[in-house]
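**Student:** Sequence and predicted structure are below.
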Amino acid sequence: MTATSVLVVGGGIAGTAAALGLDKAGFDVTVLESHPDAAEDLGAFLTLASNGMRALAQLGATDAVTAVGFPLTSLRLLDSQGAELTQAPLGEADDPALRFRCLRRGELNSALQAEAVRRGIPVRHGTRLVSVAHGPDSVTARLSDGDTVTADLLIGADGLNSTVRRHVLGSAPQPRYAGQRVFYGYTHEAPVTDGTGVITMVRGSGAAFGYASSPAGETYWFARVAGDPLPADGPAYRMAADLRDELLTVLRKDSTPAADIVAARADRIMVTNATEMPLGTPWHSGRVLIVGDAAHAASPATGQGASMALEDAVVLAKSLRDTPDPHRAFAVHERYRRPRVEHNITVSGGISRGTRTPSRDAAANPGARREDDALIRQLAWDVPLETAADGPD
């Protein structure tokens with residue numbers, strides 16, 4: 001019997017992880033990626049939380065990802081005067097495979113795509129989706145190079161400004177600004193003595209700031225600052241040397257290490273808008289489903305974007321594996337995923353807009369606590385979804 005064919009549009013974190021899960025479940029998968037290589041958004045970095053690392057383990061991709069980046073085992077919190085408020089273990093710090101991991105986005109993309117290629121999953125670079133045509137039993141994608149690809153199912157994992165969402169779901173809600181600009185930077189000369197394995201969060205008066213040092217002595221840092229969004233006609237990520245002084249002015253209002261870190265030869269700075277998808281965004285129509293940021297992008301305040309995309313990959317693969325009818329399978333996927341990801345959108349957006357504080361929501365932040373049993377069962381590859389819990393967590 002011929003395997004069900006699935007076309008995944010988008011070779012970033014969500015798309016490549018989905019391809020790994022679908023391939024493991026026995027589907028015939030092809031990935032389309034518009035970028036010519038895997039190094040999209042190389043300047044930005046992220047953290048994978050323990051729940052994301054757990055999903056990676058179920059996809060069989062732990063080794064591929066732990067070959068890059070570095071682990072984080074504790075979280076340190078400072079106030080605006082630099083005083084330490086707390087320091088505590090971070091996530092599943094006692095399990096090397098589930099420890100938080102800090103890495104560049106491009107490194108993660110490359111690692112996942114290399115793993116997909118190693119497994120024989122075709123990854124086509126340098127061609128964009130132009131349009132999608134539905135049939136009763138298939139979906140046809142027309143590409144920018146003039147080619148067409150027909151598959152039984154299509155998964156849209158093409159990010160915040162998803163072409164799949166626009167063409168298939170039509171009048172679906174569009175992304176909105178979540179109230180903050182987010183800066184990312186690196187420096188080898190920051191005056192940091194925290195050591196490796198520690199991520200320090202600074203609760204500043206005008207900015208939320210965080211930093212961690214790699215084993216090579218490079219300090220990774222980010223800042224979230226309230227204000228007007230970057231111009232809509234500019235690139236999603238851009239060099240921000242012209243905004244460095246503006247950021248330093250905000251950080252120097254406090255007595256924390258933040259300003260000195262940014263000032264220490266921080267010539268590699270990028271900035272983007274914190275953006276989110278509105279609650280209730282439709283996810284599927286016919287034989288097409290969107291996942292990851294295309295479906296449920298959230299402000300980065302909880303640091304859960306990549307981890308939620310990895311969870312999507314596992315739950316989607318299990319849904320299609322266990323429920324042969326794709327319409328029912330997509331509904332099962334949504335039933336388990338929507339409450340969790342929309343809770344993250346709400347919490348993260350509240351932190352970005354200042355209507356919630358991180359401390360108040362620490363227990364609700366899925367990356368700040370040990371995963372509950374329901375989620376662990378949902379992600380467990382050998383546990384059918386419908387027996388994993390009485391309902392979605």
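**Tutor:** Structure's in. What do you need?

**Student:** Now the element after the least confident helix or strand in the chain by mean pLDDT, going C-ward?
**Tutor:** For the chain, counting by mean pLDDT, DSSP states H and E, strand 238-239 ranks last in confidence among helices and strands (a mean of 56). Tracing the chain past strand 238-239, the next element assigned as helix or strand by DSSP states H and E is helix 241-251.

**Student:** Which helix or strand lies directly C-terminal to that following helix?
**Tutor:** Downstream of helix 241-251, the next assigned helix or strand under DSSP H and E is helix 258-263.

**Student:** For that next one, name the packing helices and strands.
**Tutor:** Under the contact criterion of 3 or more C-beta pairs under 8 Å, 6 or more residues apart in numbering; DSSP states H and E, the helices and strands touching helix 258-263 comprise strand 176-187, strand 208-213, strand 219-226, helix 241-251. C-betas here are computed from N, CA, C, even on glycine.

**Student:** Helix 241-251 and the third one, what's the angle between them?
**Tutor:** Taking axes from the mean of the first three to the mean of the last three C-alpha atoms, to 10 degrees, one finds that strand 219-226 is oriented at 80 degrees with respect to helix 241-251.

**Student:** Partner strands of strand 219-226 and their direction?
**Tutor:** strand 176-187 (antiparallel), strand 208-213 (antiparallel) (DSSP bridges).

**Student:** Adding distance to residue 92 and mean neighbour count, write the ones you listed out as a markdown table.
**Tutor:** Below are those laid out as a markdown table (distance: least, C-beta to C-beta, whole Å; neighbours: other C-beta atoms under 10 Å):
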| stretch | distance to residue 92 | mean neighbour count |
| --- | --- | --- |
| strand 176-187 | 25 | 22 |
| strand 208-213 | 17 | 24 |
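
**Student:** Let me know which of those is the nearest to residue 298.
**Tutor:** With C-beta to C-beta as the measure, strand 176-187 is the member of the strands paired with strand 219-226 nearest residue 298 (7.9 Å).

**Student:** tell me the mean pLDDT for that closest one?
**Tutor:** Taken as a whole, strand 176-187 has a mean pLDDT of 93.

**Student:** Which SSE is immediately downstream of it?
**Tutor:** Along the chain past strand 176-187, the next helix or strand (assigned with DSSP H and E) turns out to be strand 198-203.

**Student:** who touches that next one?
**Tutor:** When contacts are taken as C-beta atoms under 8 Å, 6 or more residues apart in numbering, the neighbours of strand 198-203 outside the stretch itself are 47, 72-80, 82, 85, 87, 90, 100, 102, 194, 208-213, 254, 256-258, 358.

**Student:** Okay, now the sheet partners of that strand, with direction.
**Tutor:** Every partner of strand 198-203, by DSSP bridges, with its direction: strand 74-78 (parallel), strand 208-213 (antiparallel).

**Student:** Helix, strand, or coil at residue 127?
**Tutor:** Using DSSP: H, G, I helix; E, B strand; the rest coil, the secondary structure recorded for residue 127 is coil.

**Student:** quick one, what contacts it?
**Tutor:** With C-beta under 8 Å, 6+ apart as the criterion, the residues that contact residue 127 are 32, 34, 143, 144, 145, 147.

**Student:** List just the nearest of those to residue 60.
**Tutor:** Taking C-beta to C-beta as the measure, residue 32 is the one of the contacts of residue 127 closest to residue 60, at 22.6 Å.

**Student:** from what I can see residue 264 touches residue 187, true?
**Tutor:** Yes - using C-beta atoms under 8 Å, residue 264 is in contact with residue 187, at 4.8 Å.

**Student:** ok so, going back, selecting buried members of the contacts of residue 127 in ChimeraX, what would you type?
**Tutor:** Of the contacts of residue 127, the buried ones go into a single ChimeraX selection, burial set by 16 or more other C-beta atoms under 10 Å:
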select :32,34,143
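
**Student:** closest to residue 119 among the contacts of residue 127?
**Tutor:** residue 32 (17.0 Å).

**Student:** Let me see the contact set for the closest one.
**Tutor:** Applying C-beta under 8 Å, 6+ apart to residue 32 gives the contacts 7, 8, 9, 10, 11, 124, 127, 129, 141, 143, 149.

**Student:** Residue 220 too?
**Tutor:** 45, 102, 184, 185, 186, 211, 212, 213, 214.

**Student:** List the beta-bridge partners for it.
**Tutor:** Under DSSP bridges, the beta-bridge partners of residue 220 are residue 186, residue 212.

**Student:** show me where pLDDT drops low in the protein?
**Tutor:** Low-confidence regions of the chain, defined by pLDDT under 70, span residues 1, 38-43, 192-194, 233-241, 265-267, 358-371, 388-393.

**Student:** roughly how far apart are residue 195 and residue 184?
**Tutor:** With distances taken as C-beta to C-beta, to the nearest Å, residue 195 is found 21 Å from residue 184.

**Student:** do the same with residue 55
**Tutor:** Where residue 184 is concerned, residue 55 sits at a distance of 24 Å (C-beta to C-beta).

**Student:** again, but for residue 278
**Tutor:** Counting by C-beta to C-beta - residue 278 and residue 184 are separated by 25 Å.
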